[in-house]
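Student: Whatever this is, show me its structure:
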Amino acid sequence: MQNNLGTFRCLFLVFISITQIAGSEIRLLTTTGKVIDDQGRPIGGVEIMTVPGRQKAVLSDSQGQFEIAWNPPLPQRRDTECHIIARNKEKNLALVLPMDDYAKSLKLTLKPAVSLSGRVVDPENNAINGAWLSLSIRFHTSISSVDSQNRTDRNGLFKIDAIPVENRYRITVKAEGYGQRSISFDAKDAVNGHIELGQVELAVANMSVTGRVVDITGHPVPGIEVYCTGEGQPSCHIKSDEQGYFALDGVCAGLVRFFAEGQVDGKNLADQVLTEAGARDVKVVVTEHGYSRSRYIRTKSHEGIIKSGNPYIAGWVVDENGVAVADVPVMVRCMQSKNEKGQDTVSYFQIARFGDVTDNQGHFAIELEEKATYSLLFSPINHAAMIAYDVVTGTKDLKVVLSNGGTITGQLVRFSRGKEIPVPNAKVELKQTNRNSYSYLGYDRDRKTMTDSQGRFRFEHIRTLMRTDQKRSVFGPRFWELRYGDTSQTVMFLPDETVNHIDLVIRPNITEAASLIGKALPDFTGINIDFRQDRFRDRKILICFFDYTQRPARHCILELNGQLPRLREQDIEIVAVQASKTAGNELDQWIKKMNISIPVDTINCDIDETRFIWNVRFLPWLILTDKEHIVRGEGFSLEELNEKTKQAGDR
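Tutor: Predicted coordinates for the structure are as follows:
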C-alpha cells in the first residue's frame, strides 16, 4: 500500500536564531523550511508543530514554505525529547522527526499515516454527540498533545486521520455530563492503515461528594481548591466556602479521588482523599506537608462492614495514655497469601483502595476482597506513624497504640568569616534513608518545613525504629536524613532518646565561587598576611595556595622559590598559603628542609570558607595582581606565569 501511494520527501533548510528571554534560561529558536514531494513539488496546508512546546502550530504556504518558533529543552531537562510533527489530513500523510538545536539541514521521507475511528456511547448504548477527543503522542520520557480539535458527530462517530506511524499514542475521550476514558494504542498495530477502537463507553456524571476542609486543629479552611481526578472521572473542581464546605458535583459512580490544596498565611496546605461517589460530610484535613498518598474514606458504616460477610479487619487506635485517637488514616500496605500452588506470595499496595480513617472513638474497619494476612500503615498527624504487621482477616478487635515518637530540632546556619549566620525562611526536608518495602512507612512520613527568623526548625512525631527482618518482628534504629539543597546530615535516635538537636551547617560550594579577575584582593581574615604592609606597596603580588603533602603543589613551591630573585626584580612579591590542615610542626620542618625562602602562611579559620572566598578550585592555585592589587590572573599554570606577569605589568 505504501508503494502504491508513493513516497514524499521534505527538505528543511534550517536557520536557527536564539533569543535569550530576560531573567530566564528559556531559549526561543526559529526554524524555517520548505515542504516538497518526491518530485520536487511544494506541499501546502501541512500542519507543523513541535512537542513538547508552548508555541502555536503553523501551516506551510502554497509554496510549501514555513517558519516555526519552538522551545528546546532547558539545560536541566536534557533528557526531554523534542520532536517536530508534520500532518496533512487531506492526504493522510504525516511524519515525526527528532529536533536538533544545531541541525543545518534535514531530509525526511513522508509516509502514509494511520487513521483512528470509533463510536462514543453512554451506558445505555446511546450515541454521545459532541464528545471531545484529544490525541497525545508518547515518547520515552514525555507525552504531548498532538490534536485536540476532534468531536463526535450526532451518531457518536469519530475519525482522526494523519496519525504518524511507528509511535505510541493515547486518546482521551470526554463529554459534558459524563466521565472520561483514556485509551493507549500503538500505530504499528494498524491493519491496512486503520485502527478501529469500537465503542467507547462513558459513565454518566450525575453524582456528587460533599465535605468540609479543616486544618489539623479542626478549624474550617476557606478558599481551598478541591478538584476531582481518577480513572473514568471527569475533571471538575470547586473552592471551599467561608465555612470550609464544598460540594463536588458531576462525578461518576465508583471510586473518586480528589485533591485539596491552597495557600494560607504563606503556607501551602494539601490533602488527598479516595472515597466513593455519593459520600457525604467527608472530612478533608489539609496540612503543610500534605499526604503523598490518598486517604481512603469509607461510605459504609463500621457495623455494615463487619456484618457484610466480606473479609475485613477492624479495631481501634489509642495513644500511650489509652485515649482514643480520631482522624488517623489507615492503609493496607501489603498482603501475604498463598497462590494456586500453595506457595506464599506478597503483594504491595501503592494506593489507598483498602483503608479507613478512625472515627471519634478511634474505631476503624477495612473491607477487603480476599482472606489473607495484611500489614496496615497508620499515618497520624500528631503521633508517630507505625505499621501493624501480620494481621489476619476477621480480626475485629485489633488494638493499636500510637507513640509520640521522637522530635528533631535544629538550626540552619552558614559560615561567614568564621561565624555561624542563621538562615531564615529556608525549606528544610526530612527524609527516610531506608526504602525497604517491609519496613517502609510511606512517603507521607517524609516532611518539610520552613526555618523561622533565627534559622530554627522542628520536626515532631518521628518514628525512631524500623523493622529489620521481613519474617520476624525484629527492630533496629531508623535513619533519617535532614537536607537543605546539597547540605545533608543523617539523624538516628539512641535508645530511649526522644529529642535530637542538629545544627545543619551549609558548607561553601566551590563550584559556586565567584572569579576574582578584575577585583581587589579579598579580606585577609583567616590568613596572617596584611597586604597593606609597605613591602607590598606599589608591587605586584603572586599568591600560591598549596598543600605541601601533594607532589604537584610541592613542585610548584620549589619552582617559585628558585625564581624568587628574578620575580622580585620585576616588582613581584610572592606569598604561599598552606590550604589544608597540617599536623604539628611538619610544615615548618619541610620548609626548613627545602630551604624555602618564600613567606609561607596557613589558614587559621574555616579552610573551605577561605578557599571559597579566594575562589581556590584546586591546588596548587596561583593568583596574580597588578601594582594596584587588582587580580589579573587566577588558576593559571607555572608555564603561563611569564605571560600573566607581562599582562599585569601593562596595567
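
Student: so where's the stretch 551-651 of the chain uncertain?
Tutor: Within the stretch 551-651 of the chain, the set of residues satisfying pLDDT under 70 comprises 648-651.

Student: which stretches of it form helices?
Tutor: Ranges of helices in the stretch 551-651 of the chain, per DSSP state H, counting those that start in this stretch, are 551-562, 564-569, 586-593, 607-613, 641-649.

Student: nearest to G476, of these?
Tutor: Smallest distance to G476 across the helices of the stretch 551-651 of the chain (CB to CB): 33.8 Å, for helix 607-613. Using the backbone N, CA and C atoms, a C-beta is placed for each residue, glycine as well.

Student: packing partners for the closest one?
Tutor: Secondary-structure packing of helix 607-613 (3 or more CB pairs under 8 Å, 6 or more residues apart in numbering; DSSP states H and E): strand 406-416.

Student: Can I get the strand it packs on in PDB, CA atoms only?
Tutor: Only the C-alpha atoms of strand 406-416 are listed here, as PDB (Å, rounded to 0.1, in the frame of the first residue of the first chain):
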ATOM      1  CA  GLY A 406      10.900  11.400  68.500                       C
ATOM      2  CA  THR A 407      11.500  15.100  67.900                       C
ATOM      3  CA  ILE A 408      14.200  16.700  65.800                       C
ATOM      4  CA  THR A 409      15.100  20.300  66.400                       C
ATOM      5  CA  GLY A 410      17.800  22.300  64.900                       C
ATOM      6  CA  GLN A 411      19.100  25.400  63.300                       C
ATOM      7  CA  LEU A 412      20.200  26.000  59.700                       C
ATOM      8  CA  VAL A 413      23.300  28.200  59.500                       C
ATOM      9  CA  ARG A 414      26.000  29.100  57.100                       C
ATOM     10  CA  PHE A 415      29.700  30.100  57.800                       C
ATOM     11  CA  SER A 416      30.600  33.700  57.100                       C
END
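
Student: what lines up beside the following helix or strand past it in the sheet?
Tutor: As assigned by DSSP states H and E, the chain's next helix or strand after strand 406-416 is strand 419-422. As defined by DSSP bridges, the strand partners of strand 419-422 come to strand 406-416 (antiparallel).

Student: circling back to that earlier point, let me know which of the helices of the stretch 551-651 of the chain is tucked in deepest.
Tutor: Stretch with highest mean neighbour count among the helices of the stretch 551-651 of the chain: helix 607-613 (a mean of 20; mean count of other CB atoms under 10 Å).

Student: Outline the domain layout of this protein.
Tutor: With domains defined by automatic domain parsing, the chain comprises 2-112, 114-201, 207-290, 302-401, 406-506, 511-649.

Student: Low-confidence ranges, the stretch 251-400 of the chain, go.
Tutor: Along the stretch 251-400 of the chain, the parts satisfying pLDDT under 70 run over 289-293, 350-352.

Student: For it, just list every one of the helices.
Tutor: Counting by DSSP H, counting those that start in this stretch, the stretch 251-400 of the chain has these helices, from start to end: 302-306.

Student: Likewise for the stretch 1-150 of the chain?
Tutor: For the stretch 1-150 of the chain, applying DSSP H, counting those that start in this stretch gives helices covering 2-5.

Student: Surely I183 and R168 touch.
Tutor: No. The pair I183 / R168 is not scored as a contact, 11.8 Å apart, by CB atoms under 8 Å.

Student: With neighbour numbers in mind, choose between these two.
Tutor: R168 (16 against 13; other CB atoms under 10 Å).

Student: what are the bridge partners for that one, then?
Tutor: Here R168 sits in beta bridges with R138, D186, as judged by DSSP bridges.

Student: State the distance from it to I143.
Tutor: When distance is defined by CB to CB, to the nearest Å, R168 is 9 Å away from I143.

Student: Now do the shared contacts for those two.
Tutor: Common neighbours of R168 and I143 (criterion: CB atoms under 8 Å, 6 or more residues apart in numbering): I137.

Student: Quick check: which of the domains of the chain is nearest to Y296?
Tutor: Distance to Y296, taken as CB to CB, is lowest for domain 302-401 among the domains of the chain, at 3.5 Å.

Student: what distance separates that closest one from the centre of its chain?
Tutor: Here domain 302-401 is found 31 Å from its chain centre; the criterion is CA atoms, centre = their mean, to the nearest Å.

Student: Equivalent analysis for stretch 216-232, please.
Tutor: Chain-centre distance of stretch 216-232: 23 Å, with CA atoms, centre = their mean.

Student: Can you give me the buried ones in that stretch?
Tutor: Residues of stretch 216-232 classed as buried: V221, I224, E225, V226, C228, G230, G232 (neighbour count, 16 or more other CB atoms under 10 Å).

Student: Could I have the CA atoms of that stretch written out in CSV?
Tutor: C-alpha atoms of stretch 216-232 as CSV (Å, rounded to 0.1, in the frame of the first residue of the first chain):
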residue,chain,number,x,y,z
ILE,A,216,-5.2,19.9,62.0
THR,A,217,-6.9,21.8,64.8
GLY,A,218,-10.3,21.2,63.3
HIS,A,219,-10.9,24.8,62.2
PRO,A,220,-12.5,25.3,58.8
VAL,A,221,-10.3,26.4,55.9
PRO,A,222,-11.9,28.6,53.2
GLY,A,223,-10.7,29.1,49.7
ILE,A,224,-9.1,25.6,49.3
GLU,A,225,-9.2,24.3,45.7
VAL,A,226,-10.9,20.9,45.6
TYR,A,227,-10.6,19.1,42.3
CYS,A,228,-11.5,15.6,41.1
THR,A,229,-9.3,13.1,39.3
GLY,A,230,-9.1,9.4,38.9
GLU,A,231,-9.8,6.8,36.3
GLY,A,232,-13.1,7.4,34.5
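
Student: what about that stretch, average pLDDT?
Tutor: For stretch 216-232, mean pLDDT rounds to 89.

Student: Would you convert the domains of the chain into a markdown table that also reports distance to Y296?
Tutor: As requested, those are arranged in a markdown table below (distance: least, CB to CB, whole Å):
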| stretch | distance to Y296 |
| --- | --- |
| domain 2-112 | 34 |
| domain 114-201 | 20 |
| domain 207-290 | 5 |
| domain 302-401 | 4 |
| domain 406-506 | 13 |
| domain 511-649 | 45 |
